[in-house]
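[1] A structural model of the following input is requested.
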Amino acid sequence: MHVLVDLDNLPWDPADRKRILEYHPNQRDEIRRKKWLRGPCQSRGHKFPKRVIGNQERAFSPNWFNKYGNWLEYSIKLDKVFCLCCYLCRDYIVNQSGSDAYVTQGFNSWNKTERLKSHVGDINSFHNRALKNCEDLMKPNQSIGVALHKQDDIVKNANRIRLNATIDACRYCLKCALAFRGHDEKKTSLFKGNFLELMDLILSQNEELHKLPKAAGNNQYLAPSIQKDIATCFEVEVLKSIFKDIGDDVFALLVDESSDVSKKEQMAIVLRYVDTHGLVKERFVGLVHVMETSSSSLKASIDEFFVKHNLSLM
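    This next block holds a predicted model:
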């Protein structure tokens, strides 16, 4: 039985806190909410020490709190800055390739203030995704789990049947490498695409599904976004089985550059390893879009892919 952490006595200075993954899973979200509501550690009245960087004395500027106030933290003990939202929702294994300095080691290159802006990055950056996760933690009543819990058994069963039919259709289309979407997906269309055509076939053959009360337009599990979510779930489960097969053993990394139909550069990643039966296997694990095909760009993309899937080059 785990010991509950006192939420009112969580460490304030980033140097004193444990990593989020070191807390018990049952209490992590509570700790995240508490820390996010409390806000970042910002010692605005502190006399920030100076040190020589590039033949010039430099120090942390409290003006950066005004510019990055919702996430920037300063550790008095370490004289370094950290990112609160990345600490809460982007926690990596120590010494793993690509580990974020704003989560693990801290940043104190006061002559390179552009790094603070680059850490934030674009809308899909690690930082902004972590920020979105922190904001979602403040809306527990809007979560899917809460919404499903409020449904009665009849509605839950109907949703389960519809979702299972959608999953079966997605699995079939992926297995046969069929195109999901059609050019004209209206009900009167003669060819609505493989997915909707297959769903109509399942509906005609499945008496239980056919007898369900007509669902609302947004509750039929037929939207393209739902198809993509299910395909993503398939990807996660397949990759999980591959990484489980590899375990802690060594593996070889095979990469190749390839352009898609839109002429965007991308990199195919394949892992080669020996399984527990002594058989050599090669498994395709993903495509990564890259801005360019230089060695530094490809290495950065590989590092990001390894971090995402908890792999290590060490």
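
[2] and R90, what does it touch?
    If you count contacts by CB atoms under 8 Å, 6 or more residues apart in numbering, R90 has them with D100, V103, F126, H127, R129, A130. The C-beta positions use only the backbone N, C-alpha and C, and glycine is treated the same way.

[3] my guess is the second one contacts F82. True?
    This means V103. Yes: here V103 reaches F82: they are 7.0 Å apart, a contact under CB atoms under 8 Å.

[4] looking at the two, which has the bigger crowd around it?
    F82 (26 against 23; other CB atoms under 10 Å).

[5] so where is the stretch 201-314 of the chain shaky, pLDDT-wise?
    In the predicted model, the stretch 201-314 of the chain carries pLDDT under 70 at residues 201, 203-222, 260-262, 313-314.

[6] again, only using 80
    The stretch 201-314 of the chain contains residues with pLDDT under 80 at 201-227, 230, 257-265, 289-297, 307-314.

[7] and the residue lying closest to T293 once chain neighbours are set aside, what element?
    Nearest-residue entry for T293: E257, 5.1 Å, with adjacent residues in sequence omitted and distances by CB to CB, 6 or more residues apart in numbering. Per DSSP states H and E: E257 is located in strand 252-259.

[8] cool, D168 as well?
    Here D168 is assigned to helix 153-175, by DSSP H and E.

[9] quick one: buried residues of that helix?
    For helix 153-175, burial by neighbour count (16 or more other CB atoms under 10 Å) applies to A158, N159, I161, R162, A165, T166, A169, C170, C173.

[10] and the residues you listed as JSON lines, adding distance to D249 and pLDDT?
    Below are the buried residues of helix 153-175 laid out as JSON lines (distance: CB to CB, whole Å; pLDDT from 0 to 100):
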{"residue": "A158", "distance to D249": "45", "pLDDT": "76"}
{"residue": "N159", "distance to D249": "41", "pLDDT": "75"}
{"residue": "I161", "distance to D249": "41", "pLDDT": "75"}
{"residue": "R162", "distance to D249": "41", "pLDDT": "75"}
{"residue": "A165", "distance to D249": "39", "pLDDT": "77"}
{"residue": "T166", "distance to D249": "36", "pLDDT": "78"}
{"residue": "A169", "distance to D249": "36", "pLDDT": "76"}
{"residue": "C170", "distance to D249": "32", "pLDDT": "74"}
{"residue": "C173", "distance to D249": "34", "pLDDT": "70"}
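
[11] Serialize these to TSV and add fields for distance to K117.
    Shown next, in TSV, are those (distance: CB to CB, whole Å):
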residue	distance to K117
A158	49
N159	44
I161	49
R162	45
A165	47
T166	42
A169	45
C170	40
C173	42
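
[12] thinking again about what came up before, I'd say the residue nearest to T293 and L287 touch.
    No: shown here, E257 and L287 do not form a contact pair, counting by CB under 8 Å, at 10.9 Å.

[13] tell me, what's touching those two both at once?
    Residues touching both E257 and L287 (CB under 8 Å, 6+ apart) are Q266, M267, A268.
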